[in-house]
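Trainee: Dropping the sequence and predicted coords here.
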Amino acid sequence: MAIIKPIKLTPKKLSGLTATVIIFITLIILIIISLFLYKNFYQTITQTKEIIILKEKVATNAVNMEKFNAIINKLAEKTKPGELKNIINPFR
């Protein structure tokens, strides 16, 4: 059987371990803060810039709803399937 040797913690090893843990925790906190700022501030600013750009490109002319509805009705009539009334049954 293998005998497990006890770990000897010297003040030098303990301070090095403590420094490593503090650096690791600090990096994790910085990553979390960076993700929060990116998600809640940068993306919001970018979206507002896109909205401003899109507002400039929107048509400012009013649509004549009567003509629009007439065109939609004509398209609906064109695409409506026709009725089959006078079909000769070949199996009679």
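Mentor: Sure, I can see it.

Trainee: what ranges do the strands span in this structure?
Mentor: Remark: strands of the chain are absent; assignment by DSSP state E.

Trainee: Please export the C-alpha coordinates of the lowest-mean-pLDDT helix or strand in the chain as CSV.
Mentor: Of all helical and strand segments in the chain, the minimum by mean pLDDT, DSSP states H and E falls on helix 43-57, at a mean of 83. Provided in CSV are the C-alpha atoms of helix 43-57 (Å, rounded to 0.1, in the frame of the first residue of the first chain):
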residue,chain,number,x,y,z
GLN,A,43,-25.3,46.4,-26.4
THR,A,44,-28.0,48.9,-25.4
ILE,A,45,-26.0,51.8,-26.8
THR,A,46,-25.5,49.9,-30.0
GLN,A,47,-29.2,49.1,-30.3
THR,A,48,-30.2,52.7,-29.9
LYS,A,49,-27.7,53.8,-32.6
GLU,A,50,-29.3,51.2,-34.9
ILE,A,51,-32.8,52.5,-34.1
ILE,A,52,-31.8,56.0,-34.9
ILE,A,53,-30.3,54.9,-38.2
LEU,A,54,-33.5,52.9,-39.1
LYS,A,55,-35.8,55.8,-38.2
GLU,A,56,-34.0,57.9,-40.9
LYS,A,57,-34.7,55.2,-43.5
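
Trainee: Okay, buried residues for it please.
Mentor: For helix 43-57, a neighbour-count test (16 or more other C-beta atoms under 10 Å) marks nothing as buried. Quick note: C-beta positions are derived from backbone N, CA and C, even for glycine.

Trainee: could we number from 27 for the rest of this?
Mentor: OK, 27 is where the count begins now, so the last one is helix 69-83.
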